[in-house]
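Trainee: need coordinates for the following:
(one chain, ligands or ions: 2)
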Amino acid sequence: TQSTRPQRLLHAVQKNATRGDPRSVVKAIDNFCRQKEWAMNVGDEKGCILDSVVSEVNPVTVLELGTYCGYSTVRIASLLPPRAKIITLEFNPDYAKIARQVIAWAGLEDKIQVVEGPSGEWIPKMKEQFGVKTFDLVFLDHWKDRYLPDTKLLEDCGLLRKGTILLADNVICPGTPDYLEYVRNSPRYKSQYFKSHLEYTKAEDGLEKSVFLG
Ligand SMILES: O=C(NCc1cccc(CNc2ccc3[nH]ncc3c2)c1)c1cc(-c2ccc(F)cc2)cc(O)c1O
Ligand SMILES: [Mg+2]
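Mentor: Residues are numbered from 1 along each chain as shown. Ligands and ions are numbered 1, 2, ... in the order given. Okay, here's the model as predicted:
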């Protein structure tokens with residue numbers, strides 16, 4: 001039977017990356033996507049912006065919406081302080097299965113919890129299920145029409161605190177117009193656009209960084 005693109009991406013990691021070396025896992029995925037097959041990882045250009053935001057925030061508790069193959073999960077987790085954790089939600093079980101193996105290859109299982117299911121169901125259960133008080137950083141990279149409803153849900157569930165950073169991928173391509181309008185016009189957020197390119201292409205895309213003001 002035919003392999004899937006995530007399976008071929010995992011094989012490229014297992015073939016080309018060093019076990020326990022997160023940076024080599026990131027490099028192996030970027031090389032695969034540049035030389036073999038495009039895949040919807042945040043990529044290296046936007047990934048460097050992600051790295052700088054993570055390093056600046058130094059988060060203890062991170063939420064990622066949309067794991068896919070775990071590329072940004074590994075990128076973020078490799079920069080976290082020792083006791084810090086990242087909870088990453090993935091709706092597609094096939095993606096989650098691959099992501100767990102990519103994360104294991106990077107040796108970051110202890111810092112990452114992959115949760116399978118839809119954000120709308122899991123966000124209200126974060127406190128009781130995972131003992132989360134509030135998130136220091138949220139990386140949005142799932143279905144683009146879910147960014148706004150899930151941001152409102154995070155607010156309503158008291159999962160954001162004064163200073164929580166929301167970092168959203170793909171605000172230009174594929175685009176998240178309703179989310180952008182909200183975070184750029186709401187008095188509860190201070191927003192900043194980081195212009196970049198769609199992963200592995202010359203098309204414009206960018207990340208929107210929004211600070212929750214409480
Ligand atoms: O659409 C995108 N990513 C999201 C996505 C997509 C498919 C499946 C899932 C299933 N995972 C999922 C779903 C719902 C969920 N709820 N909670 C968790 C959760 C997890 C997620 C995307 C597209 C492009 C893109 C494509 C084509 C093109 F031409 C240009 C650009 C580039 C990107 O960087 C992208 O991130
Ligand atoms: Mg994306």
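Trainee: near ligand 1, which residues of this structure are found?
Mentor: Taking Cβ under 6 Å from any ligand atom, the part of the chain that reaches ligand 1 is made up of 40, 65-66, 89-92, 118-119, 141-144, 146, 169-170, 173-174, 198-199. For glycine as for every other residue, the C-beta is placed from the backbone atoms N, C-alpha and C.
Trainee: out of those residues, which end up buried?
Mentor: Listed as buried from the residues of the chain next to ligand 1 are 40, 65-66, 89-91, 119, 141-144, 146, 169-170, 173, 198-199; burial here means 16 or more other Cβ atoms under 10 Å.
Trainee: in helices, which of those appear?
Mentor: Applying DSSP state H to these, the entries found in helices are residue 119.
Trainee: pLDDT averaged over stretch 104-123 - what is it?
Mentor: Confidence over stretch 104-123 (mean pLDDT, whole number) is 98.
Trainee: so what's whatever residue of the chain ends up closest to ligand 2 up against?
Mentor: In the chain, the residue that lies nearest ligand 2 is residue 169 (3.8 Å; Cβ to the ion). Contacts for residue 169 (Cβ atoms under 8 Å, 6 or more residues apart in numbering) come out as 42, 46, 72, 139-141, 205, 207.
Trainee: adjacent strands (with direction) for the strand or helix carrying residue 195?
Mentor: Element membership of residue 195 [criterion: DSSP states H and E] is strand 189-197. Applying DSSP bridges, strand 189-197 is found paired with strand 204-212 (antiparallel).
Trainee: I'd say residue 170 and residue 176 touch.
Mentor: Yes - with contact defined as Cβ atoms under 8 Å, residue 170 and residue 176 form a contacting pair (6.5 Å).
Trainee: got any residues that touch both of the two?
Mentor: When contacts are counted by Cβ under 8 Å, 6+ apart, the set common to residue 170 and residue 176 consists of residue 144.
Trainee: which residues are in contact with the strand holding residue 195?
Mentor: Residues from elsewhere that reach strand 189-197 (Cβ under 8 Å, 6+ apart): 45-46, 49, 166, 171, 182-184, 203-213.
Trainee: touching ligand 2 at all, it?
Mentor: No - when contact is scored as Cβ under 5 Å from the ion, no part of strand 189-197 falls within range of ligand 2; the minimum is 11.4 Å.
Trainee: since that was my last question, I'll sign off now.
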